[in-house]
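Trainee: Only the shape, not the letters, is given here:
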């Protein structure tokens, strides 16, 4: 059985590791990199490389008015449409219930996935925003 694109992406993210440096993946770049991985435009183009430490990332998020604003601007600039309900492959901004943190995530098989220092994890979450990834181009189901 061949691997699904999302499984391959998770392996790619695992190899890069969590971090704020440009060669790593944080919770803000996690959904943006998924879109790029699938052949889409880079939603993180306007902020990629603007921070390299956790303190710098937190300052950037604060100055931008929060992670929801950052992701909304990035996803909209990449041409993704905001929708009400996610389907597999879509990206979102969620509140992870366990840590009550706002993070970027990918929805697949009725589960939100995000990244932390522990790796790529499925999380119980409250969804704040969802952006549709065109099914004809990208899917975690293929």
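Mentor: Alright, I've got the coordinates. Treat the numbers as computed from the prediction; the structure is a model and nothing was measured.

Trainee: show me what contacts residue 86?
Mentor: 92, 107, 127, 130 (C-beta atoms under 8 Å, 6 or more residues apart in numbering). Every C-beta, even on glycine, is put in place using the N, C-alpha and C of the backbone.

Trainee: in the protein, what spans have low per-residue confidence?
Mentor: 1-3, 135-142 (pLDDT under 70).

Trainee: And the strands in it?
Mentor: Using DSSP state E, the strands found in the chain span residues 81-83, 91-96, 101-108, 111-116, 119-123, 125-132.

Trainee: Let me know which of those is the nearest to residue 10.
Mentor: Closest approach to residue 10 among those is made by strand 119-123 (4.9 Å; C-beta to C-beta).

Trainee: Spatially central, which residue of this structure would that be?
Mentor: Closest to where the C-alpha atoms of the chain average out (C-alpha atoms, centre = their mean) is residue 31, at 1.9 Å.

Trainee: residues contacting that residue?
Mentor: So, once contact is read as C-beta under 8 Å, 6+ apart, residue 31 ends up touching 43, 71, 75, 91-92, 104-106.

Trainee: do residue 77 as well
Mentor: Contacts of residue 77 by C-beta under 8 Å, 6+ apart are 43, 45-46.

Trainee: if we go to 10 Å?
Mentor: Listed by C-beta atoms under 10 Å, 6 or more residues apart in numbering, the contact partners of residue 77 are 41-46.

Trainee: Can I get the buried ones among those residues as something I can paste into PyMOL?
Mentor: Command for PyMOL that selects the buried part of these, burial taken from 16 or more other C-beta atoms under 10 Å:
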select buried, resi 43+44
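
Trainee: can you put the contacts of residue 77 in a markdown table and add distance to residue 17?
Mentor: Formatted as a markdown table, those follow (distance: C-beta to C-beta, whole Å):
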| residue | distance to residue 17 |
| --- | --- |
| 41 | 24 |
| 42 | 20 |
| 43 | 21 |
| 44 | 17 |
| 45 | 22 |
| 46 | 24 |
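
Trainee: Looking at the contacts of residue 77, spot the one nearest residue 134.
Mentor: Distances from residue 134 to these, taken as C-beta to C-beta, are shortest for residue 41 (11.7 Å).

Trainee: what's the closest non-adjacent residue to that closest one?
Mentor: The shortest distance from residue 41 to any non-neighbouring residue, by C-beta to C-beta, 6 or more residues apart in numbering, is to residue 78 (4.4 Å).
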